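Novice: Prediction below, plus the sequence it came from.
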Amino acid sequence: MQELIDLIRQSGKVLPGNILKVDGFLNHQVSPVLMQHCGQELARRFQDAGVTRVWTVESSGIAPALMTALALGVPMIFARKHKSLTLTDDLYTADVYSYTKKVTNHISIAKRFVQPHDKILLVDDFLANGQAVNGMMEIAAQAGVQVVGAGIVIEKSFQPGGKELRQAGVRVESLAKIKSLAGGKVSFEEGEA
Ligand code: G4P
């Protein structure tokens, strides 16, 4: 999505450890108009998938997930993150290890917001190692609901998450695909400006 790619070029900063800092429009300050356009584009790509709910993980996934859900006319649920939980009877839970932050988060979704015939679209701000998406897929498997795919704002395609998901048969749609952050320079995949 050209508008997103242009913004990454203009204001993205590459930090040590292959991290792209985009806190001017996605991870801290959030651009509502950009989020709306991302949501509309993800909704367009999944318009025929029969999505009944959009899932994400708090916190940075919420903005694009909400806008996608708005465009699709369905509810959005954000999995909550907790370091540890004791009362889990009414929750579906999964462990998500963050390679970036070196912590394991316990993510959870309340059972009462999951319906047996749900078709879930997973949305997230970044796809890197795929831990967040895999955690949500684990919850969907526990709940016995179908995942129709993953809609991602920025995929770091030099990290294994996207490839592994596609190899496992998951439909992954990413609005910007970053091939490399080497030398502090942002390079996009072919076909992306
Ligand atoms: P994964 O979910 O794809 O496996 O990501 P990974 O473990 O590699 O990264 C963990 C966290 O760091 C995730 O956010 C992910 O979105 C974020 N992240 C990964 N690479 C980048 C990057 O290059 N730039 C930025 N800005 N974030 C990146 P999280 O822990 O769930 O955090 P949040 O949603 O609460 O912000």
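Specialist: Perfect, thanks for sending it.

Novice: Pick out the residue nearest the middle of this structure.
Specialist: With distances taken as Cα atoms, centre = their mean, the residue of the chain nearest its centroid is residue 124 (1.3 Å).

Novice: Please identify the helix or strand for that one.
Specialist: In the assignment (DSSP states H and E), residue 124 maps to strand 119-127.

Novice: May I have the strands that pair with that strand, each with its orientation?
Specialist: Its sheet considered, strand 119-127 pairs with strand 53-57 (parallel), strand 146-156 (parallel) by DSSP bridges.

Novice: what helices or strands is the helix or strand just after the shortest one leaning on?
Specialist: Read that as strand 53-57. Using DSSP H and E, the helix or strand that follows strand 53-57 in sequence is helix 62-72. The helices and strands touching helix 62-72, judged by 3 or more Cβ pairs under 8 Å, 6 or more residues apart in numbering; DSSP states H and E, are helix 32-45, strand 53-57, strand 76-82, strand 119-127, strand 146-156. (Each C-beta comes from the backbone N, C-alpha and C, glycine too.)

Novice: Give me the average confidence score over the fourth one.
Specialist: If you average the pLDDT over strand 119-127, you get 98.

Novice: Enumerate the residues of this structure near the ligand.
Specialist: Residues of the chain lying near the ligand by Cβ under 6 Å from any ligand atom: 19-22, 27, 57, 59-61, 98-101, 125-132, 156, 161.

Novice: which of the residues you listed count as buried?
Specialist: 20, 22, 57, 60-61, 125-132, 156, 161 (16 or more other Cβ atoms under 10 Å).

Novice: Can you tell me which of these is closest to residue 114?
Specialist: Nearest to residue 114 among these, counting by Cβ to Cβ, is residue 57 at 15.2 Å.
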